[in-house]
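Novice: how does the following fold in three dimensions:
(one chain, ligands or ions: 1)
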Amino acid sequence: MAKRSGQLKLNAFHYVSGHHAAAWRRPEASADDRIEDYVAFARLAEEGRFDAVFLADSVDVRLLHPEGAARKAHTGATLFEPLTLLSALSAHTSRIGLIGTASTSFSDPYNLARQFLSLDHLSGGRGGWNLVTSNDPEAALNFGHARPVPHAERYARAEEFVDVVLGLWDSFEDGAFRRDRDSGVYFDLDKLHVLDHQGAHFRVKGPLNAPRSPQGRPVVVQAGSSEPGKELAARTAEVIFTAQQTLAEAQAFYADVKGRLGKYGRAPDELKILPGAFIVTGATESEAREKFDELQSLVHPDVGLELLRVQLGIDLRGYDPDGPIPDLPDTAGGKGRQALVAALARRENLSIRELYLRIAGARGHWQLVGTGAQIADQLEERFVEYGADGFNVMAPVIPGGLRDVIDHVLPELRRRGPFRTEYEGRTLRENLGLKRPENRFAARAAVAAE
Ligand SMILES: Cc1cc2nc3c(=O)[nH]c(=O)nc-3n(C[C@H](O)[C@H](O)[C@H](O)COP(=O)(O)O)c2cc1C
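Specialist: Take a look at the predicted model:
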């Protein structure tokens, strides 16, 4: 296959004080309760010409390992609800995309469709929905369940959930709202469509009480890595977040998922694959390494064991930290991530302690520590060798780690070619190079009229 040209896409992953588990302990890190810090991050990412800010989310504080949770092993304890926060950020930014996470397991399609379409209008067409099924085992207990919802059930619901949302987003065709004061006609009835969805999980009549947005509808993002996760993404998503350690694993995932689109009548370029890249950089390699080592020295064993509980689905308290990880149970959580972290331990022959330090920063994602040129070389290789269409950039500490990427890595990428100096468009779709979707009802009417 010829080496590719074109532009890679970059998201700025906002993980409260930083993606490293010890980020919040650094004095320069953003606070998790100051809106001005979130605004500063979004503006910094926009200054760097990133495609979007991405907000992860969990609907559970993750207290299964209280000591680890109390030491902020993950963000669960202090996450502002993403849609609320992104709506606020839309007023302080003008070009950067705003992608927020919401669960199909613990929401309902009508409200979620309305909220994300409202964000899309508020932001002038910059909204995106990261669809998750929520692999936190205790999240279900916050929504009326007595036990975790099994993986297969979560995806069966997600498949129907996304179809209802996409259908509701087509309730009104483009140009439906005339707002004609003279005739008194506010909208064209023949451009309004009732969904009337009847399914195994949902009965939703519609229409949605919100018109199509400047980019048609929000961008749908998925982050599944299991079989059902990849299939759902191939059928419905336009961006997929993912995690791979090696170029070969990234190329295999890339070819696998792109190869699935054809059966849904989709072209490979209709889905952008953005693996995570945890990047620690500086003016020199030793400066980058020092920054990383300082953070590593702040990782408490309770935090490390909690990180492994979330990623591997097993509580390793009571095991010898300098011994190997035991055989792993079938997890109700994220199967894709469990397999990835277990493979990392085997490949690098890591003890429990070594493994939690290995993932304390990147949490199972690709970890790059070095100068801007060294990192740009690796990012460019994964892009030109068809391992990614771009990256979800994870800064170790916010905002300093993002500033480092902008100052040291992006100029090197621009020198090599595959990253923008200026936004191409005004909407998230235009900047991601995604087409503006047709309204399904208008498309059907056009075919019928031929
Ligand atoms: C970059 C990235 C971001 C993710 N963000 C979230 C998140 O915010 N909330 C969440 O519940 N899961 C999140 N996930 C987990 C995925 O939804 C999914 O559960 C995981 O990748 C395992 O795939 P599987 O569910 O298909 O087994 C994320 C995954 C990736 C790769």
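Novice: Phe391 contacts Gln378, doesn't it?
Specialist: No. Here Phe391 lies out of contact with Gln378, judged by Cβ atoms under 8 Å, at a distance of 10.3 Å. All C-beta atoms are positioned from the backbone trio N, CA, C, and that covers glycine.
Novice: the more surrounded of these two?
Specialist: Phe391 (25 against 15; other Cβ atoms under 10 Å).
Novice: may I see the buried residues of the helix ranked longest in the chain?
Specialist: Looking across the chain with DSSP state H, the single longest helix is helix 151-169. By neighbour count on 16 or more other Cβ atoms under 10 Å, the buried set for helix 151-169 is 151, 154-155, 157-169.
Novice: from these, which single one is nearest Arg444?
Specialist: Gly167 (12.5 Å; Cβ to Cβ).
Novice: residues in contact with the closest one?
Specialist: 195, 197, 206, 440 (Cβ atoms under 8 Å, 6 or more residues apart in numbering).
Novice: relative to Arg154, how far out is it?
Specialist: Using Cβ to Cβ, to the nearest Å, Gly167 is found at 21 Å from Arg154.
Novice: ditto for Ile314
Specialist: Counting by Cβ to Cβ, the gap from Ile314 to Arg154 is 20 Å.
Novice: quick revisit: and the contacts of Gly167, which of them are buried?
Specialist: For the contacts of Gly167, buried by 16+ other Cβ under 10 Å: 195, 197, 206.
Novice: need the three-state assignment for the residue nearest to the first one when sequence neighbours are not counted.
Specialist: Think Leu195. Excluding its sequence neighbours, the residue lying closest to Leu195 (Cβ to Cβ, 6 or more residues apart in numbering) is Gly206, at 3.5 Å. With DSSP: H, G, I helix; E, B strand; the rest coil as the basis, Gly206 sits in coil.
Novice: can you pull the contacts of the closest residue to the ligand within the stretch 51-200 of the chain?
Specialist: At 3.0 Å from the ligand, Ala56 is the closest residue in the stretch 51-200 of the chain, using Cβ to the nearest ligand atom. By Cβ under 8 Å, 6+ apart, the residues touching Ala56 are 13-15, 75, 79, 82, 101, 130.
Novice: so what touches stretch 279-289?
Specialist: Here stretch 279-289 makes contact (Cβ under 8 Å, 6+ apart) with 290-292, 361, 367-372, 374-375, 393-396, 401, 404-405, 408-409.
Novice: hang on, Gly276 in a strand?
Specialist: Yes. The assignment for Gly276 is a strand, going by three-state DSSP.
Novice: so what's it closest to, chain neighbours aside?
Specialist: Gly276's closest residue in space is His365 (Cβ to Cβ, 6+ apart), at 3.3 Å.
Novice: what sits against the one you found?
Specialist: His365 neighbours (Cβ under 8 Å, 6+ apart): 243, 275-278, 392, 394.
Novice: what's the PyMOL syntax to select whichever of those are buried?
Specialist: Per 16+ other Cβ under 10 Å, the buried members of these correspond to this PyMOL selection:
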select buried, resi 243+275+276+277+278+392+394
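Novice: distance to Gly68 added to the contacts of His365, as TSV?
Specialist: Output for the contacts of His365, formatted as TSV (distance: Cβ to Cβ, whole Å):
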residue	distance to Gly68
Ala243	21
Pro275	26
Gly276	21
Ala277	25
Phe278	20
Asn392	24
Met394	20
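Novice: near the ligand, which of the contacts of His365 show up?
Specialist: 243, 276, 392 (Cβ under 6 Å from any ligand atom).
Novice: relative to Glu354, which of the residues you listed is nearest.
Specialist: Out of the ones next to the ligand among the contacts of His365, the member with the shortest distance to Glu354 (by Cβ to Cβ) is Ala243, at 19.0 Å.
Novice: hang on, that closest one packs against Ala277?
Specialist: No. The pair Ala243 / Ala277 is not scored as a contact, 9.8 Å apart, by Cβ under 8 Å.
Novice: what sits in contact with each of these two?
Specialist: Joint contacts of Ala243 and Ala277 (Cβ under 8 Å, 6+ apart) are 365-366.
Novice: in the stretch 101-250 of the chain, which spans are helices?
Specialist: 109-122, 151-169, 227-236, 247-260 (DSSP state H, counting those that start in this stretch).
Novice: of all those helices, which one is nearest Arg217?
Specialist: helix 151-169 (4.1 Å).
Novice: how far out from the middle of the chain is that closest one?
Specialist: With Cα atoms, centre = their mean, to the nearest Å as the basis, helix 151-169 stands 17 Å off its chain's centre.
Novice: one more: stretch 207-220?
Specialist: Distance, stretch centre to chain centre, for stretch 207-220: 20 Å (Cα atoms, centre = their mean).
Novice: quick one: buried residues of it?
Specialist: 207-208, 210-220.
Novice: and what of stretch 367-377?
Specialist: 367-376.
Novice: can you give me the end-to-end span of stretch 21-37?
Specialist: 18 Å (Cα to Cα, to the nearest Å).
Novice: count of neighbours near whichever residue of the stretch 151-300 of the chain sits closest to the ligand?
Specialist: Per Cβ to the nearest ligand atom, Gly229 is where the stretch 151-300 of the chain lies closest to the ligand, at 2.6 Å. For Gly229, the neighbour count with other Cβ under 10 Å is 26.
Novice: for His145, same thing?
Specialist: Neighbour number of His145 under other Cβ under 10 Å is 13.
Novice: now do it, the pLDDT please.
Specialist: For His145, the model assigns a pLDDT of 94.
Novice: and the gap between it and Arg309?
Specialist: 20 Å.
Novice: point out where the stretch 201-350 of the chain drops to low pLDDT.
Specialist: 331-335 (pLDDT under 70).
Novice: how about the residues of this structure that lie near the ligand?
Specialist: Residues of the chain lying near the ligand (Cβ under 6 Å from any ligand atom): 56-58, 101, 132-135, 223-226, 229, 241-243, 276, 334-337, 392.
Novice: now, these that are in strands?
Specialist: 101, 132, 241-242, 276, 392 (DSSP state E).
Novice: kindly state the beta-bridge partners for the closest residue to Pro211 other than its chain neighbours.
Specialist: Of all residues not flanking Pro211 in the chain, Phe172 sits nearest, at 4.6 Å (Cβ to Cβ, 6+ apart). Phe172 has these beta-bridge partners by DSSP bridges: Leu192.
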